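**Student:** Structure here, sequence nowhere to be found:
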């Protein structure tokens, strides 16, 4: 009971910082609601009790005339839910070892140290997903502060603590950690220099994908690369006039991602030379999960845009799935996508039928799918998806996924036709 209460209190404290991040990272509607932010000019000076989790929000209801009625209720519920989630995850992982079967005797079960590492990484993941979910609800964007931080954290966690990733159950009743090759055996060549090159390539691709830039063929194929490079470096304008124009400069995220890409080479070479084989395997698994998750949503985004002739999914969803994939691996990305699509359909279909022009965020449903898959990982992996991969093979499953983009494209075309030609919406 002591640990349950302790984790509940810790969760409410973290929930306070989740609320702070939700309003601090907002792009369009950054409001001084959190007690950790500078208060509104019309608000009274904050008291010490305002910073106490849960209790503080009940005291801040005095600012309802400034921020609106019951503005404090959602952050109060977020802190309460965070505390409940922290306590529940402690029971789930430490007391009951919920990620592995409980009805069989394992020859080598998950150790207590591994269960603690899984708990810590999942607490971080759920906190980041909560921030991304509510910002996406509010503004239809997912800030890079969340996704970039998450990817770097989970790549580092995979390299340092290989047991922090999702577990797998071998045929000889040994509980181990998921790898890039699961459910097959790990190819030894992946731990060699080839694996190092693959990790560096994944990180460089991720950095290049996230750097703000302009990619267009409107000026011809030859102009594609010069335009893209000019948009990245943002060269100063040459024109002069009566109105002073500030020179263009690189965005901060560009400088950060370029630094990550450059520093990753010596860091990863040093790590690959000194680390144990299991650490290399874990890092490569995380990097490939990041790549797979990002490109899976990116492909859907491209197909949707071609069919609907407008943005069907924001790039924030791409970066969010990269963060999720860096923890769960590529295998779990597939059921996450399926569950998120079902959740989005059930929740948003009534809204879409009433408001054809409504813009709906997809990030929250990716978060719902992630939580559902992680908490139900044992039946999802051991009873269903693992058997599918073993029965049909990884290559055939990938081929089916590629072919599924064709009916999805046709379905979106029909949706666009119905909206424009029958209902008159654009």
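**Tutor:** Perfect, I can see it now. Model, not experiment: these values are computed from the prediction.
**Student:** Which neighbouring elements make contact with whichever helix in the chain runs longest?
**Tutor:** Criterion DSSP state H: the longest helix present in the chain is helix 315-354. On a contact count with 3 or more Cβ pairs under 8 Å, 6 or more residues apart in numbering; DSSP states H and E, helix 315-354 meets helix 112-139, helix 144-160, helix 193-210, helix 277-308, helix 363-375. The way it works is simple: take the backbone N, C-alpha and C, and place the C-beta from them, glycine included.
**Student:** if we go to 7 Å?
**Tutor:** Applying 3 or more Cβ pairs under 7 Å, 6 or more residues apart in numbering; DSSP states H and E, one finds that helix 315-354 contacts helix 112-139, helix 144-160, helix 277-308, helix 363-375.
**Student:** which other residues reach the very next helix or strand once past the last one?
**Tutor:** Meaning helix 363-375. Moving toward the C-terminus from helix 363-375, the first helix or strand encountered (DSSP states H and E) is helix 377. Outside helix 377, the residues within contact range by Cβ atoms under 7 Å, 6 or more residues apart in numbering are 99, 166.
**Student:** Kindly report the same for stretch 52-70.
**Tutor:** So stretch 52-70 is contacted by 12-13, 15-16, 31, 33, 35, 40, 42-44, 49-50, 71-72, 75-76, 79-80 (Cβ under 7 Å, 6+ apart).
**Student:** What subset of those is buried?
**Tutor:** Among those, the ones that count as buried by 16 or more other Cβ atoms under 10 Å are 12-13, 15-16, 33, 35, 43, 50, 71-72, 75-76, 79-80.
**Student:** List the buried residues in the longest helix of the chain.
**Tutor:** Going by neighbour count (16+ other Cβ under 10 Å), the buried part of helix 315-354 is 315-337, 339-340, 343-344.
**Student:** hang on, the earlier thing: now render the buried ones among the contacts of stretch 52-70 as a markdown table, adding distance to residue 120 and secondary structure.
**Tutor:** Below are these laid out as a markdown table (distance: Cβ to Cβ, whole Å; DSSP: H, G, I helix; E, B strand; the rest coil):
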| residue | distance to residue 120 | secondary structure |
| --- | --- | --- |
| 12 | 18 | helix |
| 13 | 15 | helix |
| 15 | 17 | helix |
| 16 | 19 | helix |
| 33 | 29 | coil |
| 35 | 26 | coil |
| 43 | 36 | coil |
| 50 | 29 | helix |
| 71 | 32 | coil |
| 72 | 30 | coil |
| 75 | 24 | helix |
| 76 | 26 | helix |
| 79 | 20 | helix |
| 80 | 22 | helix |
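**Student:** With respect to residue 126, which of the residues you listed is nearest?
**Tutor:** Distance to residue 126 across the buried ones among the contacts of stretch 52-70 (Cβ to Cβ) is lowest for residue 15, with 10.8 Å.
**Student:** Surely that closest one touches residue 85?
**Tutor:** No. Counting by Cβ atoms under 7 Å, residue 15 does not reach residue 85; the two are 8.8 Å apart.
**Student:** so where's the stretch 101-250 of the chain uncertain?
**Tutor:** 101-108, 171-173, 234-250 (pLDDT under 70).
**Student:** still on that earlier bit, tell me the angle of the longest helix of the chain relative to helix 363-375?
**Tutor:** 110 degrees (axes from the mean of the first three to the mean of the last three Cα atoms, to 10 degrees).
**Student:** now helix 315-354, how far from the chain's geometric center?
**Tutor:** Taking Cα atoms, centre = their mean, to the nearest Å, one finds helix 315-354 lying 10 Å from the centre of the chain it belongs to.
**Student:** And stretch 28-38, by the same measure?
**Tutor:** Taking Cα atoms, centre = their mean, the mean C-alpha location of stretch 28-38 is offset from the chain mean by 24 Å.
**Student:** Give the buried residues for that stretch.
**Tutor:** 32, 33, 34, 35, 36.
**Student:** Just the pLDDT for the residue nearest the centre of the chain.
**Tutor:** For the chain, residue 320 is the residue whose C-alpha lies nearest the centre (Cα atoms, centre = their mean; 3.1 Å). The model reports residue 320 with a pLDDT of 95.
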